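Trainee: When you get a sec, could you give me coordinates for this:
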Amino acid sequence: MIFSDGFWLDKKGYKVSYAEQMYSIEADESSVTIYAVCKWIANRGMTLDGPMLTIRFSSTLENSIKVSIEHFAGAKAAEPAFNLYENPCFKPVITKTDNGFELVSGDTKVRVGSEKSSWEAVFLYKDKILTKTGWRTTSIIEEEKWLTRQRMDMQSAMPFFSQSESSESTYIREMLNLSVGEYIYGFGEKFTSFVKNGQTVEIWNSDGGTCSGQSYKSVPFFLSSRSYGVFVNHPEKVTFETGSENVSKTAFTVQGQRLEYFLFGGNTPADVISAYTALTGRPALPPAYTFGLWLSTSFITDYDEKTVSSFIDKMEQLKIPLEVFHFDCFWMNEFEWCGFEWNRKMFPEPEQIIARLKSRGLKICLWVNPYIGQRSPAFRECMEKGYFIKNKDGSVFQTDLWQPGLAIIDFTNPDARSWFADKITKLAEMGVDAIKTDFGERIPTDVVYYDGSCPYKMHNYYSYLYNKTVFEALREYYGDNNACVFARAATAGCQQFPVHWGGDCFSSYESMWETLRGGLSLCLSGFGFYSHDISGFESTGTPDLYKRWTAFGLMSTHSRYHGSSSYRVPWNFDEESCDVVRHFTELKGRLMPYLFANAVKAHLTGIPVMRAMVLDFSHDKAALTVDTQYMLGDSLLVAPVFSEDGLCSFYLPAGGTWTDIQTGEELNGGSWYERKYDYFGMPLYAKPNSIIAWGDYHGKSDYDYADNMKLVIYGIEQGRTAECTIYSSTGAFEASVKAERSGDVITVTVSGTDKPFTVESSQKLSILIK
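Mentor: All right, here's what the predicted structure looks like:
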C-alpha cells in the first residue's frame, strides 16, 4: 500500500508517524527491546502525546533475526497463525558495545545504536551489511477519519470507536534498504516480471489465471540477491512495495497494531532458502512414480472408461511410458462438486475400473475441491452437521460461482476435517494414489469460522488447512514418502505438501514463459517442486507449441498433460509429437537417479529442485536477472525454446566448461549463446565439475537407480573434485561417488554399493576406479 504523496507528503486521508528516536533500550539473555518514539524528545514535556513503537529483536533459529514491532499491546491477537518450527531453547549472543547493542545468531547479526540516538538497525552476515532500516522507514499509519473519531471519543461519554475499529484503521509498516544493484525475488507464485523491483505485490490468493498480477500461491517471503531473505509472519494480506513507493526501499505493511518478521542471512541465496524452510517447514519427499509422465482426461471433454482405455492403449502402442492417469472433475456428477460420489452413468463400476487401470501398472489421481454443490447429498449431511463456513447470522455461506449453491468446508472444525479426510481415505482404499487439490483461493472474508478464526487471516491460510488435511490423509494411508497432492492454492508452509502446479495458463509461448516465471518465483519462496499444464490449459495450441512445451514440461520436476476443452494426447497434434513425448519421457526416466537425489536434497535442506539461476550463481552478475532458463537440480541447466523458429538464447555462468548432455557440445561459461534446435533438442548443459548419474530406465520411474547406473563426469578441471550421492527410489542412501582429476586421469571412488555401474568422462579422459 502506498501511503505517501511523493517523498515529503502523506497520502490524503492518512497520518504516517515514523520511528525517530530510540528513547530507551532494554536487553536480556534472549532479546533487545527498543522503545522508539515518533518525534525527537528534547525535554520532558515532549514525552506527552503521540505514538511509541516497541521494537523487539530476538532469534529462535540460527542465522535468523526475529523482529516484532508493536503499537497497542492490548490489541487482540487473532488466529490463525503460521505453524513455525522455532527452537525455544535457542539463545542468541547479545553484547552491549560502546555504540549500542549487537544481537548475533550464527553468522547473522543486527546492530542498533544507543539510547537517545536516532532510530536505526543494521543487519549483517559475517560483517557484510545485508540491509538496514532507519530514518523515515519503520512507521505506524493511521487513517485520519479514525483519528478524528478518537479525539471526539476522548471528549465524550459515549464511545465512537472500538478497539477492532482501531486496528482496522491502523497499519504497521517496515522499510528495508535496497542497495545499488540489488534484486528482489519470490513472494510465492508470481507471473509478473521475475525480478520484483518496482512492483507492488499483494499477498492475497486469487483465482486469476497465469496472465495477471494475481496469484494462486501467495507467500509473504522475499529473497534478495545480496543473500538475505525476509519472511513476514502474517497469514493475512501483506502488501509489499518493492522499490516502488520509495525506490530505494522494500516496504511491507500489515493492518493492525503489530508486525512481525524474520530476516535470514546466508553465504548464498540457497543458504537463505534452507534457513527459511527450517522455520516454515521443508518439502516431504514425493513418491518416485510422481516424477513420471501424467496424462489427464482434461476438464470439460467427454470421457468414460472406453475413452480412458483408448488413451492408455495408444500410449502403449506408441511405446510412450505413462505412469499416472488423472480423472478431472467429471468423475463426479455435475452440480455436485465435490460430493465424492462417482458418476455411475459414465463409470458404473469405479472400483473395477481403477483395478483394471492399476493392473496395467498405472497410478491413479482424482480431482477434488473444498466446495460442495447444493445438489450433492453430501451438502445436506455437511449442512446438518455444521461442517460449512457460515455467515454472521448463522446461516451457511453459499454462492453460485463455480457450482450452484456451493458451500465451503470449514477446516477449522475438527469433525469437518475428519469427514473430509475420511472421504480421501475411502478413495485411497479404492486404489486412488494421488489427489489433485484444486481451488481454495476464493475464500470469503465476511464469514464466521467454527473455531472463531479471523476470516481476514483465513483467506490465504485456508489453503494450508485444506492441503494439509488431504496430504496427511494420504500419508496416513500410504506411509511416509508415499503421499502426493497436486495442489493449486498455497501459502507459507504449504511446501510441506508437494506437488504444486501452475494453474490455468493459455496455449501460447507468452503463457509458457509466464508459467516459468511463476515457477521460478515459487521455488525461490521455499517450494521444492513445480509442475504445469503442458501445452497450456486454455485453448488448444499448435503442434509446434505442443512439442516445445513438452520439452519444458518433461524437464520440470513433475510432468502432466492437462487441458480445458480438448484432449492433450500427442497424436491429436501430429505424428512427430508422439516421438517428441517419447524422447523426453525416456530422457527424464534415465535422469531419475540424478533427479531423485536432488529431490531428497530438497526434502532434507529445503533447497528446491527447480531453481532460478540466481540461487546457485549469485556471484555472477549476468545470472541475476535471467528468467528464461533454470537449473534442474544442482548440475543441469535447462533452457526451454520459446519461439517457432527454434532459436534459443541462453546464458552459461562463468567458470569452466559446460557440456550439452545430449550432443556433447562443450561451451565456455561466462557468455550468452544462441542455437537453433529441432524438436528433440534444447539447451541441456551439465555444470562444470559435476557428476550426473544416469539410470537403467525401462518405463517406470521408481526403479533401482544404483543397478547398472552410468556415472558421467562433466567438464572436470585439473586438480578439482566432483561428488554426487545416489539414493534408492524410496529415499534411502545407496552410494556416494567422488571423482578427482590429476593430469589426464580421473580417479573415481564409489562407496556404499556392490551393484554394477560404469563411469564415463565427457572429456574422454582416462578413468581409474578405486
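Trainee: which ones are touching the residue nearest to K126 when sequence neighbours are not counted?
Mentor: Sequence neighbours aside, D107 is the residue nearest to K126 in space, at 5.0 Å (criterion: CB to CB, 6 or more residues apart in numbering). Heads up, the C-betas are built off the backbone N, CA and C, glycines and all. Taking CB atoms under 8 Å, 6 or more residues apart in numbering as the criterion, D107 is in contact with N63, Y125, K126, G265, N267.
Trainee: Out of those residues, who's the most crowded?
Mentor: Counting neighbours by other CB atoms under 10 Å, G265 leads the contacts of D107 with 28 neighbours.
Trainee: Relative to M315, how far out is that one?
Mentor: Look at G265 and M315: by CB to CB, to the nearest Å, they are 49 Å apart.
Trainee: now G681
Mentor: 23 Å.
Trainee: Could you check which of these two has the larger neighbour count?
Mentor: M315 (23 against 17).
Trainee: The more buried one sits in which helix or strand?
Mentor: helix 305-317 (DSSP states H and E).
Trainee: Report the distance from the helix or strand following that helix to the chain centre.
Mentor: Next helix or strand after helix 305-317 toward the C-terminus (DSSP H and E): strand 324-327. The chain centre lies 24 Å from the centre of strand 324-327; the measure is CA atoms, centre = their mean, to the nearest Å.
Trainee: Show me which positions of the lengthiest strand in the chain end up buried.
Mentor: Longest strand of the chain, by residue count under DSSP state E: strand 733-742. Across strand 733-742, burial judged by 16 or more other CB atoms under 10 Å covers E734, A735, V737, A739, E740, R741.
Trainee: Let me see the contact set for the third one.
Mentor: The one in question is V737. Neighbours of V737 in contact, by CB under 8 Å, 6+ apart: I691, A693, L711, E723, C724, T725, I726, V748, T749, V750.
Trainee: Going by distance to V67, which of those wins?
Mentor: T725 (37.1 Å; CB to CB).
Trainee: So what sits opposite that closest one in the bridge?
Mentor: Beta-bridge partners for T725, by DSSP bridges, are S736.
Trainee: as a whole number, average confidence for stretch 340-357?
Mentor: Averaged across stretch 340-357, the pLDDT comes to 96.
Trainee: List the buried residues for that stretch?
Mentor: F340, W342, N343, M346, F347, P350, I353, I354, L357.
Trainee: Would you reformat those as CSV and include secondary structure and distance to N43?
Mentor: Formatted as CSV, these follow (DSSP: H, G, I helix; E, B strand; the rest coil; distance: CB to CB, whole Å):
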residue, secondary structure, distance to N43
F340, coil, 70
W342, strand, 78
N343, coil, 78
M346, coil, 82
F347, coil, 81
P350, helix, 80
I353, helix, 83
I354, helix, 80
L357, helix, 81
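Trainee: any chance of those residues in CSV, plus distance to D393?
Mentor: Formatted as CSV, the buried residues of stretch 340-357 follow (distance: CB to CB, whole Å):
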residue, distance to D393
F340, 29
W342, 36
N343, 35
M346, 39
F347, 40
P350, 39
I353, 44
I354, 43
L357, 47
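Trainee: Can you tell me which of those is nearest I320?
Mentor: Closest to I320, out of all of the buried residues of stretch 340-357 and judged by CB to CB, is L357, at 16.1 Å.
Trainee: wait, doesn't that closest one sit right on V324?
Mentor: No. If you go by CB atoms under 8 Å, L357 and V324 don't touch, sitting 10.2 Å apart.
Trainee: Overlap in contacts, those two.
Mentor: I364.
Trainee: picking that back up, so after the longest strand of the chain, what's the next helix or strand?
Mentor: Next along the chain after strand 733-742, taking DSSP H and E as the criterion, comes strand 745-751.
Trainee: So what's the gap between stretch 233-247 and the chain middle?
Mentor: Using CA atoms, centre = their mean, the offset of stretch 233-247 from its chain centre is 18 Å.
Trainee: quick one: buried residues of that stretch?
Mentor: Under the neighbour-count criterion of 16+ other CB under 10 Å, stretch 233-247 has 233-246 buried.
Trainee: Just confirm W658 contacts L637, I think it does.
Mentor: Yes. Counting by CB under 8 Å, W658 does reach L637; the two are 6.9 Å apart.
Trainee: Return every residue with contacts to both of the two.
Mentor: With CB under 8 Å, 6+ apart, W658 and L637 have common neighbours L652, Y685, A686, K687.
Trainee: Between which two of these is the distance greatest?
Mentor: L652 and A686 (10.7 Å).
Trainee: could you pull out the helices for the stretch 51-200 of the chain?
Mentor: 144-154, 163-168 (DSSP state H, counting those that start in this stretch).
Trainee: all helices for the protein, in order.
Mentor: Secondary structure of the chain (DSSP state H): helices located at 144-154, 163-168, 269-280, 305-317, 350-358, 377-385, 414-430, 455-478, 509-523, 543-554, 575-590, 592-605, 613-616.
Trainee: mind putting the ones you listed in a markdown table, distance to W294 included?
Mentor: As requested, the helices of the chain are exported to a markdown table (distance: least, CB to CB, whole Å):
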| stretch | distance to W294 |
| --- | --- |
| helix 144-154 | 52 |
| helix 163-168 | 45 |
| helix 269-280 | 26 |
| helix 305-317 | 12 |
| helix 350-358 | 13 |
| helix 377-385 | 27 |
| helix 414-430 | 17 |
| helix 455-478 | 16 |
| helix 509-523 | 16 |
| helix 543-554 | 10 |
| helix 575-590 | 11 |
| helix 592-605 | 15 |
| helix 613-616 | 26 |
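Trainee: and of those, who's closest to Y703?
Mentor: helix 592-605 (7.3 Å).
Trainee: Stretch 621-632 - what's its average pLDDT?
Mentor: Mean predicted confidence for stretch 621-632 is 98.
Trainee: What lies in contact with it?
Mentor: 181, 183, 193-195, 225, 513, 516-517, 519-520, 555-557, 595, 598, 609-618, 637-640, 642, 649-651, 653-654, 670, 672, 683, 687.
Trainee: Now, these that are in strands?
Mentor: Counting by DSSP E, the contacts of stretch 621-632 place M610, R611, L637, V638, S649, F650, Y651, W672 in strands.
Trainee: mind checking how far the closest residue to W342 other than its chain neighbours is from L366?
Mentor: Nearest residue to W342, sequence neighbours excluded (CB to CB, 6+ apart): P350, at 4.4 Å. From P350 across to L366, the span is 10 Å (CB to CB).
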